[in-house]
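[1] Fold the stuff below for me.
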Amino acid sequence: MSEDRQRGKSAIDAVHTDVSKEDEAKIGAKISEIYRVDSEEATEIHANYHAQRILAGLERRARQNGMTKKALEEKMEHLAVQEAAYQVATGQLAEPAAIDILFRNLYIMESKGGDNDRYVNFYG
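    Below is the predicted model of the structure:
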């Protein structure tokens, strides 16, 4: 592998430039080539990449809606982040949609299923 070739997260970021949901499934082959791993491991690497991005998106959205980092961390273990990341990595779900779904689940946990949401104001 040449020294000027991108590696790690920057390489995965590069193959994600302007990628559509449909093309997500094809990125596994590029990751397999970059890391020289089989397709199963490439899918795992790809899912972990999206898990980190989803977590960052959830943290940003929670902070914007007044949720403390501690409150978010307490509820994160109850969210299916890795499953959502796998769906994104395989082209079944768009990353923004995954963040929306997980944040909605976070809202339901925080509000204990009630209609009054102190963290989300969809119409305001």
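
[2] contacting residues around the residue nearest to the spatial centre of the chain?
    Centroid check for the chain by Cα atoms, centre = their mean gives I54 as the closest residue, at 2.6 Å. Going by Cβ atoms under 8 Å, 6 or more residues apart in numbering, I54 touches 81, 84-85, 88, 95, 98-99, 102. C-beta coordinates here come from the backbone N, C-alpha and C atoms, glycine included.

[3] Does it lie in a helix or a strand, and which?
    In this structure, I54 sits in helix 39-64 according to DSSP states H and E.

[4] Point out where the chain drops to low pLDDT.
    1-7, 112-124 (pLDDT under 70).

[5] let's see 90
    1-30, 33-35, 62, 65-78, 106-124 (pLDDT under 90).

[6] Quick one: the helices in it, in order.
    8-15, 21-35, 39-64, 69-76, 81-89, 95-111 (DSSP state H).

[7] Tell me which of the ones you listed sits most buried.
    Ranked by mean neighbour count, the helices of the chain are led by helix 81-89 with a mean of 21 (mean count of other Cβ atoms under 10 Å).

[8] Now do that helix and helix 39-64, the angle between them.
    Here helix 81-89 points in a direction 110 degrees away from that of helix 39-64 (axes from the mean of the first three to the mean of the last three Cα atoms, to 10 degrees).

[9] hang on, S39 packs against A29?
    Yes - contact criterion Cβ atoms under 8 Å: S39 and A29 qualify, at 7.3 Å.

[10] For K30, see how far away the residue nearest to the centre of the chain is.
    Counting by Cβ to Cβ, to the nearest Å, the gap from I54 to K30 is 20 Å.

[11] now E22
    In terms of Cβ to Cβ, E22 sits 15 Å off from K30.

[12] likewise D13?
    From D13 to K30 the distance is 12 Å (Cβ to Cβ).

[13] Just list the residues touching the nearest residue to G57 once chain neighbours are set aside, thanks.
    Sequence neighbours aside, I99 is the residue nearest to G57 in space, at 4.1 Å (criterion: Cβ to Cβ, 6 or more residues apart in numbering). The contact partners of I99, by Cβ under 8 Å, 6+ apart, come to 54, 57-58, 61.
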